[in-house]
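Undergrad: The amino acid sequence is not available; the structure is as follows:
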């Protein structure tokens with residue numbers, strides 16, 4: 001591996017840990033969501049911040065068996081795909097049910113590679 005690829009590899013590997021903080025990043029726009037989704041209760045809208053934690057806990061437990069079947073790299077890639085789906089698609093809907101479902105998908109993706117983020121760093125460095 002040449003030096004340029006090493007820098008990109010290190011950046012990509014460390015960026016996985018940065019993605020783990022994305023679930024709570026939405027808390028800043030809760031007031032805007034309250035204005036946009038006027039017919040929805042505020043407690044349901046506020047659960048958008050906490051609901052990914054439920055599937056994250058479940059998939060942290062399942063990430064071991066998943067990574068033993070798929071491998072660490074494929075598990076991280078699948079988790080990142082779920083994070084992209086669950087993180088971007090809620091921008092295109094005003095249906096609270098879809099928003100909450102996609103937040104569950106986001107949590108599942110984060111849970112898949114949460115435990116692998118640290119182990120991958122120790123595997124390579």
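TA: Great, that's in hand. In this text the structure is predicted, and so the values were computed from the model without any measurement.

Undergrad: Now do the residue nearest to the spatial centre of the chain against residue 23, distance only.
TA: Nearest to the mean C-alpha position of the chain, counting by C-alpha atoms, centre = their mean, stands residue 110 at 3.5 Å. Look at residue 110 and residue 23: by C-beta to C-beta, to the nearest Å, they are 6 Å apart. To be clear about C-beta, it is placed using only N, CA and C from the backbone, and glycine gets the same treatment.

Undergrad: overlap in contacts of these two?
TA: Residues touching both residue 110 and residue 23 (C-beta atoms under 8 Å, 6 or more residues apart in numbering): 52, 56.

Undergrad: list the helices and strands the helix or strand hosting residue 14 packs on?
TA: For residue 14, the host element (DSSP states H and E) is helix 3-19. On a contact count with 3 or more C-beta pairs under 8 Å, 6 or more residues apart in numbering; DSSP states H and E, helix 3-19 meets helix 72-88, helix 96-124.
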